[in-house]
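K.L.:
output the structure for:
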Amino acid sequence: MFIFRPKVTGLRHVPSNGPVIIASNHLSFSDSIFMPLVVPRNVTFLAKSEYFTSPGLKGFIKKITFIALGQVPVDRSGGKRSEAAILTGLRLLRENHCVGIYPEGTRSPDGRLYKGRTGIARMAIESGAAVIPVAMFNTAEIQPTGQVVPKVRRVEMVFGEPIYFSGDSTDQAVLRSATNQLMEKIAELSKQEYVPN
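P.N.:
Predicted coordinates:
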């Protein structure tokens, strides 16, 4: 980790206890490695189940890495499966875990920040968890998609102030508004172009 000389700003914003959601932009597979290493709490990501079932050597490395980092596989392909992922997140938050989520749902294909999924807002409202917006920098250059061995470059992370959401978690308009607010904050921190549609 030290060879990447992490520059971290705002880590004091992460509450030392209670339910927390860390919501980050997503540029590279290595985001899920660098960020949990600097947070003073265990960060449990709701990771795509494909990370645990990919074939070949690269798939095996991903699986072992995610298991070692304590990640939870979830099927996010839609419908009842997405609901199961949200329920898993809510269970972890009720147990006062720190949960990591990429609101975009997947890595950015071009470095821009894309529209967030509303499940994060639902989890925040129903659990009362603080949501910490995070901006990751340089990880796409450190480990581009498809590259197993990372390049040595400086990684940077900016943690924003906690956001608390309230309202009717069954109202899609409430969830969309809260999610948009979060994504705008991540865009502000990351300086990425935001694509809201």
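
K.L.:
can you tell me how far Ile125 is from Ser32?
P.N.:
Remark: distance between Ile125 and Ser32 (C-beta to C-beta, to the nearest Å) = 25 Å. Placement of C-beta: from N, CA and C, glycine included.

K.L.:
next secondary structure after the helix ranked longest in the chain?
P.N.:
Assignment by DSSP state H gives helix 172-190 as the longest helix of the chain. Counting by DSSP states H and E, the element after helix 172-190 in chain order, helix or strand, is strand 194-195.

K.L.:
pLDDT of that following strand, averaged?
P.N.:
Taken as a whole, strand 194-195 has a mean pLDDT of 90.

K.L.:
if we can go back for a sec, residues in contact with the longest helix of the chain?
P.N.:
23-25, 103, 113, 115-118, 120-122, 124-125, 131, 133-137, 158, 160, 163, 165, 167-169, 192-194, 196 (C-beta atoms under 8 Å, 6 or more residues apart in numbering).

K.L.:
could you list the buried residues of that helix?
P.N.:
For helix 172-190, a neighbour-count test (16 or more other C-beta atoms under 10 Å) marks Val174, Leu175, Ala178, Thr179, Asn180, Leu182, Met183, Lys185, Ile186, Ala187, Leu189, Ser190 as buried.

K.L.:
which non-adjacent residue is nearest the second one?
P.N.:
The spatially closest residue to Leu175, leaving aside those adjacent along the chain, is Thr118, at 3.9 Å (C-beta to C-beta, 6 or more residues apart in numbering).

K.L.:
got the contact list for that neighbour?
P.N.:
Residues near Thr118 by C-beta under 8 Å, 6+ apart: Gln172, Leu175, Arg176, Ala178, Thr179.

K.L.:
any figure for the gap between it and Cys98?
P.N.:
For Thr118, the distance to Cys98 - C-beta to C-beta - is 21 Å.

K.L.:
next up, phi/psi of Pro36, please.
P.N.:
phi -60, psi -20 (degrees, to the nearest 10).

K.L.:
between helix 172-190 and the helix or strand harbouring Met123, find me the angle.
P.N.:
In the assignment (DSSP H and E), Met123 maps to helix 119-127. In terms of direction (axes from the mean of the first three to the mean of the last three C-alpha atoms, to 10 degrees), helix 119-127 departs from helix 172-190 by 110 degrees.

K.L.:
tell me which other helices or strands helix 119-127 touches.
P.N.:
Judged by 3 or more C-beta pairs under 8 Å, 6 or more residues apart in numbering; DSSP states H and E, the packing partners of helix 119-127 are strand 20-24, helix 80-94, strand 98-101, helix 172-190.

K.L.:
pLDDT weak spots in the chain?
P.N.:
The model of the chain has pLDDT under 70 over residues 1-4, 29-31, 47-53, 66-70, 73-81, 139-153.

K.L.:
distance of the residue of it most remote from its centre from Arg107?
P.N.:
Ranking residues of the chain by C-alpha distance from their mean position (C-alpha atoms, centre = their mean) puts Gly56 at the top, at 25.4 Å. Distance, Gly56 to Arg107, using C-beta to C-beta: 19 Å.

K.L.:
great, nothing more from me.
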